[in-house]
Every structure is written in structure tokens, then in C-alpha cells.
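> I'd like to go over a predicted model; first the sequence, then the structure.
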Amino acid sequence: MKDREDLREVPQEQAREFARKNNVAFFLETSAKTGENVQQVFLLASKLLYQNNKEIISDMVSLHISLISLETETNRYETN
């Protein structure tokens, strides 16, 4: 089962050029019909999101740990 080239809405070269001009991190053609590259594009996008937000994620985890520690300390003083 292959996609029909004659029904393509956007030529592949036009899509590549758009990605290049707009500094899109990657270009990967997918097919809803065959499922080609669908999983790969989600994996790649999630990896890029994680890499670009590592510092934010690390700060959020640190804040969460600090809040838990603060809550634990507050509970300890309130019970004494």
C-alpha cells in the first residue's frame, strides 16, 4: 500500500524548502495511509523538546524536591 504521488498536496521539495527557510529542526515525510515515519516523527519531536528544555525540566524537579523538603520540615515542627 503506497501513497499516490498524484494526490500529493505539497511537493516534497517545497516542504523541504519551507523547513530550511524557517529553521525547522528536521524534515521527515510521513504517511497517514501507510503509517510510514509516524512513530519516528513523534519520537524525534519528543527528543528535541526534551533536549531543548532540559534546564527547565531540571529546575522543575529541583523545585518539586525543595517543596517536598519544606513541607516535611513544616510538618515536623507542627507536630512538636
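The structure has been received and is ready for your questions. Residues are numbered from 1 along each chain as shown.

> can you give me the strands for this structure?
Per DSSP state E, the chain carries no strands over any range.

> okay, now the closest residue to residue 48 other than its chain neighbours: neighbour count?
Of all residues not flanking residue 48 in the chain, residue 25 sits nearest, at 5.5 Å (C-beta to C-beta, 6 or more residues apart in numbering). The way it works is simple: take the backbone N, C-alpha and C, and place the C-beta from them, glycine included. Look at residue 25: counted by other C-beta atoms under 10 Å, it has 10 neighbours.

> Quickly note the distance from residue 25 to residue 49.
From residue 25 across to residue 49, the span is 10 Å (C-beta to C-beta, to the nearest Å).

> And the residue nearest the centre of the chain, how far from residue 39?
In the chain, the centroid-proximal residue (C-alpha atoms, centre = their mean) is residue 46; its distance is 2.8 Å. For residue 46, the distance to residue 39 (C-beta to C-beta) stands at 11 Å.

> Residue 7 now?
In terms of C-beta to C-beta, residue 7 sits 23 Å off from residue 39.

> ok, those two, which is more surrounded?
residue 39 (10 against 7).

> Next one: the more buried one relative to residue 45, how far apart?
Distance from residue 39 to residue 45, by C-beta to C-beta: 11 Å.

> before we move on, what about residue 36?
16 Å.

> Of these two, which one has the most company?
Between residue 36 and residue 45, counted using other C-beta under 10 Å, the more crowded position is residue 36 (16 against 13).

> which residues touch that one?
29, 30 (C-beta atoms under 8 Å, 6 or more residues apart in numbering).

> run the last query once more with 7 Å
residue 30 (C-beta atoms under 7 Å, 6 or more residues apart in numbering).

> mind listing the helices in the protein by residue range?
Under the criterion DSSP state H, helices of the chain are mapped to 12-21, 38-52, 54-79.

> Need those helices in CSV (columns: distance to residue 29 and mean pLDDT).
Formatted as CSV, the helices of the chain follow (distance: least, C-beta to C-beta, whole Å; pLDDT from 0 to 100):
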stretch, distance to residue 29, mean pLDDT
helix 12-21, 6, 91
helix 38-52, 9, 88
helix 54-79, 28, 78
